[in-house]
Structure formats: C-alpha cells, structure tokens
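Trainee: Show me how the following folds:
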Amino acid sequence: MIERMPSRFIPYTPDIEAACPQFDEMLQTVIAKTERFIAESVTAEGTGLAVRDAHAKGYGIVRGEVEILDRLPTEYAQGIYATPGRHDALVRFSNGSPHAGADARLGRATGLALKMFGIGGPTLLEDEPDTGTFDYALINAPVFFCNTVKHYLFIQELFLDAPKYFAQGPPGRHRFYREFVTGKGSLEPDEWAWEEFLAFLTVAQRPLVNVLLSTYWTMGAVRHGDYIAKVRLVPDPGRAAAVVHRAIDLTSAEEVFRPALVAEMRERPYAFDIQVQLCADLERMPVEDLTVEWPERLSPFVTVAKLRLPQQDISAEETLTKMDALSFTPWRVTAEHAPLGEIMRARKEVYRRSSLQRHRLNHQQRREPHSAAEVSP
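Mentor: Numbers count the residues shown, from 1 in each chain. All right, here's what the predicted structure looks like:
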C-alpha cells in the first residue's frame with residue numbers, strides 16, 4: 001500500500017477568518033451609503049439609469065467557453081475543478097470606478113466579471129441557490145486597498161467623491177491622499193492606513209492597455225475545496241501577442257477602452273488561462289490582509305482551466321443593455337469556493353442589496369440567464 005504524502009499547502013478550516021464584533025453594525029452603514037449613492041446616480045451620473053456602486057461603466061459583454069482541464073494535481077482538482085468539462089460563459093469587462101462618463105475621468109482600474117453556466121450544486125446565495133451559474137468578480141491588480149469594513153466606511157466616501165477631489169487639481173489630489181491615509185481624521189497616527197494607501201497606488205498605476213491584455217485577480221482569498229487560494233485570469237501568451245489594438249490613449253477620445261475591445265474581438269479570437277495559487281504560509285500569504293501580494297516563490301499559479309472567447313461582434317447597443325441587466329457577485333459560487341476574509345464577507349450583502357436596488361430603479365427584471373446565448377447570441 002502506498003501512503004499518500006501530506007500536502008505542503010494550508011488546509012482550509014473556518015478559524016482562518018477573524019471575527020469583528022462590530023461587523024454587522026458597520027456593514028449596515030456601508031449598505032445605507034451604497035443604496036443612497038445608487039439612488040442619486042440616476043441623475044448624478046448623466047445616464048438616466050442607476051449605476052453600480054463599483055464597476056459602473058461596462059466596456060462590453062463577450063461570449064465564451066470555459067474548459068476545465070483533465071488530470072489536474074489533486075490539490076488543484078477541487079470543487080468545480082474536480083470534474084473536467086466545458087461550460088458556456090459570459091465575460092463583462094468594466095472600469096473599476098463607481099462613476100460613468102469619459103474614460104479619462106475614471107482611472108486605470110479595470111475589471112473582468114466571469115459567469116459560467118451549467119455548474120451543479122447550490123450557490124451560497126440563499127435567495128437564488130439553484131441558478132446553475134458560477135461567478136468570478138476580478139480586478140486588474142494582485143492587491144486591494146481595503147482590509148476591514150471600518151476602513152471601507154471612509155474609503156467608500158472618498159471614492160464616491162473622487163471626481164470632486166481630483167477636479168481641484170494638485171490641492172484636491174493632495175487632500176484626497178491625506179484623508180485616505182488618516183481615515184478622514186478618524187484614525188490615530190499609529191493606525192494611519194499606509195499599507196492600504198500604497199495598495200491604492202499600485203491599483204491606480206496599472207498599465208493603460210486593451211482590457212484583453214490585463215491579468216485579473218480575485219482581490220481576496222477564496223476557499224479551494226480542502227485548501228485556500230487566490231484565483232487569477234492571465235492572457236494566453238500566444239493570443240496576447242497577436243493583439244493589434246494594444247495601447248490606450250486617454251487623450252484621444254472620450255471612449256477608448258470599449259472601441260479597442262470591440263475592434264479586437266471583431267478581428268480574432270482570444271483566450272485566458274484560469275489559474276489557482278494555493279496558500280502555503282498564512283503569515284506571508286494572509287487571508288485578512290488584502291494589501292499583501294502572495295509570493296509566487298512560495299506557491300506558483302497553476303492553470304486549471306482555459307477561457308476561450310471566439311471571434312465575435314460585440315458592437316451592438318443592445319448587448320450593452322443586456323450587459324447592464326446582469327448581476328455578478330463573488331458569492332454566486334458553491335461552498336467549496338466560498339470567499340474568505342472580512343471584506344469578502346462584506347461584499348455578499350453589499351452586492352446583493354446594490355443589485356436589488358439598481359434593478360428596481362431601472363425597471364429591470366433581476367434573474368440569472370439560463371445560457372450565454374440569452375445575452376450574447
């Protein structure tokens with residue numbers, strides 16, 4: 001009999017997450033501010049519609065297929081990745097800002113939201129457990145600039161008011177930075193948010209490229225069956241090398257990201273590798289500190305699936321309308337892939353309440369599509 005060697009990766013246990021006694025109270029404050037912003041956005045954002053409180057501006061919805069690979073190592077063949085196969089998918093590319101308007105006003109943070117179809121098992125959303133869909137909500141940076149709901153209370157206010165700060169030039173920008181670090185005066189000097197601010201600068205300085213050329217991360221940690229992980233989507237090297245519409249010049253037009261994406265998808269197919277990085281050291285690869293990039297020397301990313309985007313025309317305005325009606329949340333997953341950490345826990349109810357209000361104000365039916373073809377034929 002061959003004895004199985006123990007894994008070098010940290011096993012998932014519920015006690016890896018820290019509990020904050022004021023979590024529920026502070027979360028309700030965040031939700032109230034979010035709902036107020038969404039209600040005011042109908043007129044404030046100039047679109048005539050309520051917008052998302054993050055990733056408000058979508059650049060396009062793309063139809064695709066996810067192939068879960070065969071013969072994965074045991075530690076990686078977990079949850080949905082334990083069963084090889086193909087799943088239809090939708091991808092929403094977006095800007096990370098809570099505002100709409102010209103691309104030059106919105107910053108460099110971009111997002112990729114992935115929805116897979118035909119995934120068995122109940123989701124972690126109690127009000128829609130049997131959708132058969134599975135979401136990732138990813139950003140183009142390996143770190144995030146907020147760890148706790150306490151900090152999110154002032155960071156949320158700063159980002160919702162960011163255009164007002166930056167419209168004032170250097171003095172407004174300096175005030176934004178100062179109020180970020182000091183928590184708008186609420187933090188003692190020993191508690192100033194320096195790590196969060198440095199992570200914000202990392203996100204804010206991402207390269208200006210076609211959204212197809214960015215790598216996208218889960219932001220926080222997630223459960224990966226018996227283990228703990230971060231997930232990223234990285235451009236397939238061969239497909240990335242073939243991209244013609246590469247650089248983004250924010251001064252060239254009001255809309256630059258969407259035209260580059262539309263042009264590229266019209267001309268050729270594309271692909272991303274879906275990769276998993278397993279936690280091997282909780283101190284150097286923390287769950288609760290999102291400002292820390294997990295070192296790849298401790299645990300490399302391993303490809304577990306391929307996301308393929310066929311050549312297609314995504315230019316129709318109708319697809320933008322259908323895209324806007326979609327809902328993406330990191331909690332529309334099975335229990336084996338549960339988001340981990342305080343900020344990830346907060347996203348569950350904030351995303352749900354945000355989606356409910358946005359759909360209600362926009363008179364949109366809120367339901368999960370049964371197939372990618374319903375949205376992008």
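
Trainee: what residues are up against the closest residue to residue 97 other than its chain neighbours?
Mentor: In this structure, residue 97 finds its nearest non-sequential neighbour in residue 106, 4.1 Å apart by Cβ to Cβ, 6 or more residues apart in numbering. In short, each C-beta sits where N, CA and C put it, glycine included. Residues in contact with residue 106 (Cβ atoms under 8 Å, 6 or more residues apart in numbering) are 57, 95-97, 99.

Trainee: Mind picking the two most distant members of the residues you listed?
Mentor: 96 and 99 (10.2 Å; Cβ to Cβ).

Trainee: Residue 25: neighbouring residues, count only.
Mentor: 10 (other Cβ atoms under 10 Å).

Trainee: Strands along the chain, start to end?
Mentor: 58-68, 85-95, 110-117, 133-139, 216-217, 222-224, 227-235, 270-278, 302-309 (DSSP state E).

Trainee: got TSV for those strands, with mean neighbour count and mean pLDDT too?
Mentor: Shown next, in TSV, are the strands of the chain (neighbours: other Cβ atoms under 10 Å; pLDDT from 0 to 100):
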stretch	mean neighbour count	mean pLDDT
strand 58-68	22	97
strand 85-95	21	98
strand 110-117	24	98
strand 133-139	23	98
strand 216-217	25	98
strand 222-224	24	98
strand 227-235	23	98
strand 270-278	23	98
strand 302-309	19	98
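
Trainee: Tell me which of these sits nearest to residue 245.
Mentor: Comparing the strands of the chain by Cβ to Cβ, strand 270-278 comes nearest, at 11.6 Å.

Trainee: That closest one pairs with which strands?
Mentor: Applying DSSP bridges, strand 270-278 is found paired with strand 227-235 (antiparallel), strand 302-309 (antiparallel).

Trainee: Distance from it to the middle of the chain?
Mentor: Taking the mean of its C-alpha atoms, strand 270-278 sits 14 Å from the chain's own mean (Cα atoms, centre = their mean, to the nearest Å).

Trainee: contacts for that strand?
Mentor: Counting by Cβ under 8 Å, 6+ apart, 9-10, 66, 75-76, 81, 212, 224, 227-236, 239, 243, 264, 294, 296, 299-309 sit against strand 270-278.

Trainee: now it and strand 133-139, what's the angle there?
Mentor: Calculated by axes from the mean of the first three to the mean of the last three Cα atoms, to 10 degrees, strand 270-278 forms an angle of 90 degrees with strand 133-139.

Trainee: on that earlier part again, how near is the residue nearest to residue 97 to residue 237?
Mentor: As judged by Cβ to Cβ, to the nearest Å, residue 106 and residue 237 stand 28 Å apart.

Trainee: just residue 134 next, same as before
Mentor: For residue 134 relative to residue 237 (Cβ to Cβ), the value is 26 Å.

Trainee: Of the contacts of residue 106, which is the nearest to residue 220?
Mentor: For these, the nearest to residue 220 is residue 96 (15.0 Å; Cβ to Cβ).

Trainee: Where do the helices of the stretch 251-377 of the chain begin and end?
Mentor: For the stretch 251-377 of the chain, helices defined by DSSP state H, counting those that start in this stretch occupy the ranges 257-267, 317-324, 342-361.

Trainee: Any idea which of the ones you listed has the lowest pLDDT on average?
Mentor: Comparing mean pLDDT across those, the lowest value falls on helix 317-324: a mean of 92.

Trainee: Residue 313: how many residues sit nearby?
Mentor: Residues near residue 313, counting by other Cβ under 10 Å: 10.

Trainee: For it, grab phi and psi.
Mentor: phi -100, psi 110 (degrees, to the nearest 10).

Trainee: Residue ranges in the stretch 1-150 of the chain under the pLDDT threshold?
Mentor: 1-6 (pLDDT under 70).

Trainee: So which of the helices of the stretch 251-377 of the chain is nearest residue 179?
Mentor: So among the helices of the stretch 251-377 of the chain, helix 342-361 is nearest, using Cβ to Cβ, at 19.8 Å.

Trainee: For that closest one, C-alpha coordinates in PDB please.
Mentor: Provided in PDB are the C-alpha atoms of helix 342-361 (Å, rounded to 0.1, in the frame of the first residue of the first chain):
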ATOM      1  CA  GLU A 342     -13.800  40.400   6.200                       C
ATOM      2  CA  ILE A 343     -14.000  42.500   3.100                       C
ATOM      3  CA  MET A 344     -15.000  39.400   1.000                       C
ATOM      4  CA  ARG A 345     -17.700  38.700   3.600                       C
ATOM      5  CA  ALA A 346     -19.000  42.200   3.400                       C
ATOM      6  CA  ARG A 347     -19.300  42.000  -0.400                       C
ATOM      7  CA  LYS A 348     -22.000  39.300  -0.100                       C
ATOM      8  CA  GLU A 349     -24.800  41.600   1.300                       C
ATOM      9  CA  VAL A 350     -23.500  44.800  -0.300                       C
ATOM     10  CA  TYR A 351     -23.500  43.300  -3.800                       C
ATOM     11  CA  ARG A 352     -27.000  41.700  -3.200                       C
ATOM     12  CA  ARG A 353     -28.600  44.900  -1.900                       C
ATOM     13  CA  SER A 354     -26.900  47.000  -4.600                       C
ATOM     14  CA  SER A 355     -28.200  44.700  -7.300                       C
ATOM     15  CA  LEU A 356     -31.700  44.600  -5.900                       C
ATOM     16  CA  GLN A 357     -32.000  48.400  -5.800                       C
ATOM     17  CA  ARG A 358     -30.300  49.000  -9.200                       C
ATOM     18  CA  HIS A 359     -32.700  46.600 -10.900                       C
ATOM     19  CA  ARG A 360     -35.700  48.100  -9.200                       C
ATOM     20  CA  LEU A 361     -34.800  51.700 -10.100                       C
END
